[in-house]
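Chemist: just to be clear, the model below is a prediction. Sequence and coordinates:
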Amino acid sequence: MKLFKTLLVASSLLALGASAQAQDKPVYGVLMKTLANPFWGAMEQGVKAGADAAGVEYYLQAVESDQAAEPQLNTCNTMLERKPTVMITAAINSNILLPCLKRANEMNIPVVDLDNNLDPAVTKEAGVNITFHIGSDNMAAGAQGAEYLVGKVGKDAKGPVLVIEGLSGNITGKKRADGFANKLKELAPGLEVVASLPGDWDRGKAANITNDILTKHPDLVAIFAANDGMALGAVETVFAASKGEQVTIIGVDGNSDAVKSIKEGRLTASVAQLPYLVGKQAVENVKKVVEGGKVDEVLFVPTLVLTKQVIEDGKEPMLEFVK
Amino acid sequence: MATGQSAFADHWRNLQFHFDTRLHLRLESLIVLLILLIAMSVLSPYFLSVSNFLNILLATSTIGILAIGATLILSSNGLDLSVGSVLGFSGVAGAFLVGILGWPWPFAILGALAAGAFAGAINGFLITRTRIPAFIVTLGMLGIARGFALILAPNGGAIYGLSPEIVFLGQGRPLGIPTPVIILVMTAIIAHYMLAYSRFGRHTLALGDNEAAARATGIAVERHRWILYTLSGFTAGLAGLVFMARVNAGDPTAGLNYELTAITAAIIGGTSLFGGKGSILGTMVGALIMGVLQNGLNLLAVPSFWQQVAIGMVLILAVYIDQLQTSKEKKA
């Protein structure tokens, strides 16, 4: 009886995948972090659109969460068994995939860093050759936030500004905060960054920081947060203190919560990353490389400042990439 | 016809008996593994190759080492939920000694193993001396060890770049076999002998079967449990060492949620969640069932969400087969 049941399970498994066959066509391997996140979901759609347009097949894998580092390494090794034409990877951290990517190099499979998760210094030291890195320019995204702020309040404006950084030590958050602060100094020296504190990507922590700084500087002009979650935390504090008219709040990412808040007139602006475009351009550039062309080692995909006006007008051509 | 069938059934039972008594391995789990291997070979043209099999073994190594500790603990009717965090803590501790303090490389090995065993010894001490349930103590340790891992690592980031000797433990391939696989196999052989054939193993199973009876026969129950939790911490430290060497970094987020995967491997392999029954060989088969399934589903490009569904179903199926077996034994 038991044997019968096990056989039943086995035969249904066999039936399940009877369509699987070896492929001789070129297949691009795409390894993401997790699809349980709208950002990566949008990037997957971009990869699909890019692959459809370029007429190439792709083989996409992801792991269960963006913390599952070792499973991602194992998945990467497994993917190499299918000998993809190229490996496009969004590594969970800057070192986990290195043994696998080194093996890809040895197998003459070009490696592409999707969304700038690898540190060129670390990959060079490990002897891993990356064909190109592609993603948003975080420094430029921060600078765009500063440009928007100065455009709104004027270059002669004066007053205190708060910067909420990401997780302390995290390079992405640091670049955004630095990009903002440097550009602000250049464009409107009267606007002074009175505090630049790590909010650890945490909405609640950002709300608390905002509360503290508002107490100290009741005349706060603006807040720049290194992601939307923290910006939305700041929004709650600012509106609770009835200072929504006074304080301009800018986040980064352009996620759906932020768009909703902007439409409601609470969050002022968000510098939107365009993961759909990152995925699409990654595939397009890979095709160029595979066909023998040359691309730059670091490719930046533009970011877009979303405001209530931009969203409501709907004229901005890049809006279609905000997913 | 009827006689033919009963002859087959006799053979089957005979075979089961031999596997059980000689190898301490449940025949059903081995058959599930074989069926999976055959199914995946048929389904994916990329599956059946030496390099892919080494991939599977390599991918199973850290979980496999943790599952050895889990088998010892579960057989004694204990529970250790802290091993994933202890894995992370041990790796960071080892990397801290050489990467931050600049001590010679052997200290990365000693440090990781000592850190794991130390955390396990504290678990054992609290469980046997304070009578706080193991569930609570090890749940507490899950938080404490993870916290210390993050404290030791600068800014909560990984300590990257260890010496080549250490990296060899994770990335080297003596005789073409990845070092973590060799470490796993050696650990499994030692632990299998311990649990199946030594006095220590008999006491462990007796303790899991009936603690009062074990005490009555003169087994030093508290001391024995303490040793078991220390061993569980030690295997977590060993897994942490392998993980650290594989990625060439002490990563404070390493091993997140691994405790449940390790327990799952042990249970699929026939170890009882309620003590008294456990086999290291079975656990290795259980870990391989999960490894093969994961690898095969990856090769077949099955989306990751469905992979989780499939692995959950295999767990339930494996325990169901076990239940059928047990209820039949009771009837007989």
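Modeler: On my side now, so go ahead. Numbering: from 1, shown residues only, chains lettered A, B, ... in the order given.

Chemist: against residue B:242, how distant is the closest residue to residue A:279 other than its chain neighbours?
Modeler: Using C-beta to C-beta, 6 or more residues apart in numbering or on different chains and skipping the chain neighbours, the partner closest in space to residue A:279 is residue A:46 (2.7 Å). Placement of C-beta: from N, CA and C, glycine included. Distance, residue A:46 to residue B:242, by C-beta to C-beta, to the nearest Å: 37 Å.

Chemist: pull the contacting residues for residue 221.
Modeler: Since no chain was named, I'll use chain A. The contact partners of residue A:221, by C-beta atoms under 8 Å, 6 or more residues apart in numbering or on different chains, come to A:153, A:157, A:159, A:160, A:161, A:191, A:246, A:247, A:248.

Chemist: that's the other chain; I wanted chain B
Modeler: Contacts of residue B:221 by C-beta under 8 Å, 6+ apart are B:207, B:211, B:214, B:215.

Chemist: and if we set it to 6 Å?
Modeler: With contact taken as C-beta atoms under 6 Å, 6 or more residues apart in numbering or on different chains, residue B:221 is in contact with residue B:215.

Chemist: how many neighbours does the closest residue to residue A:203 other than its chain neighbours have?
Modeler: Nearest residue to residue A:203 in three dimensions, chain neighbours excluded: residue A:233, at 3.8 Å (C-beta to C-beta, 6+ apart). By other C-beta atoms under 10 Å in any protein chain shown, 25 other residues sit near residue A:233.

Chemist: residue A:140 too?
Modeler: By other C-beta under 10 Å, 18 other residues sit near residue A:140.

Chemist: what's the separation between it and residue A:295?
Modeler: Per C-beta to C-beta, residue A:140 is found 19 Å from residue A:295.

Chemist: do the same with residue A:173
Modeler: Applying C-beta to C-beta, the value for residue A:173 to residue A:295 is 28 Å.

Chemist: neighbour count for those two, which is higher?
Modeler: Taking other C-beta under 10 Å, residue A:173 and residue A:295 do not tie; residue A:173 has more neighbours (25 against 15).

Chemist: what's near enough to touch the more buried one?
Modeler: Applying C-beta under 6 Å, 6+ apart, the residues contacting residue A:173 are A:165, A:166, A:226.

Chemist: do you know the pLDDT at the nearest residue to it once chain neighbours are set aside?
Modeler: Closest residue in space to residue A:173, ignoring its immediate chain neighbours: residue A:166 at 2.0 Å, by C-beta to C-beta, 6+ apart. You'll see residue A:166 listed with a pLDDT of 86.

Chemist: ok, residue B:265 next?
Modeler: pLDDT for residue B:265: 94.

Chemist: now do the helices in the chain.
Modeler: Using chain A. In chain A, the segments counted as helices under DSSP state H are A:2-16, A:38-54, A:69-81, A:98-106, A:120-125, A:138-153, A:171-187, A:203-216, A:228-240, A:256-263, A:275-290, A:308-313.

Chemist: not quite, go with chain B.
Modeler: So, for chain B - with DSSP H - the helices run B:2-18, B:27-43, B:50-75, B:83-95, B:106-130, B:134-152, B:164-171, B:179-197, B:199-209, B:211-216, B:221-247, B:258-268, B:280-299, B:304-331.

Chemist: with respect to burial, which of those scores highest?
Modeler: Comparing the helices of chain B by mean neighbour count (mean count of other C-beta atoms under 10 Å in any protein chain shown), helix B:83-95 ranks first with a mean of 33.

Chemist: now it - C-alpha only, CSV.
Modeler: Backbone C-alpha positions of helix B:83-95 (Å, rounded to 0.1, in the frame of the first residue of the first chain) are rendered in CSV as follows:
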residue,chain,number,x,y,z
VAL,B,83,21.2,26.7,16.1
GLY,B,84,20.6,29.1,13.2
SER,B,85,21.6,32.1,15.3
VAL,B,86,24.4,30.2,16.9
LEU,B,87,25.7,29.4,13.4
GLY,B,88,25.8,33.1,12.6
PHE,B,89,27.4,34.1,15.9
SER,B,90,30.1,31.4,15.6
GLY,B,91,31.1,32.5,12.1
VAL,B,92,31.3,36.1,13.2
ALA,B,93,33.2,35.2,16.3
GLY,B,94,35.8,33.2,14.3
ALA,B,95,36.1,36.0,11.7
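
Chemist: contacting residues around that helix?
Modeler: The contact list for helix B:83-95 (C-beta under 6 Å, 6+ apart) reads B:66, B:108, B:111-112, B:115-116, B:119, B:142, B:145-146, B:148-149, B:152-153, B:159, B:233, B:236-237, B:239-240, B:243-244, B:250, B:252, B:254-255, B:257-259.
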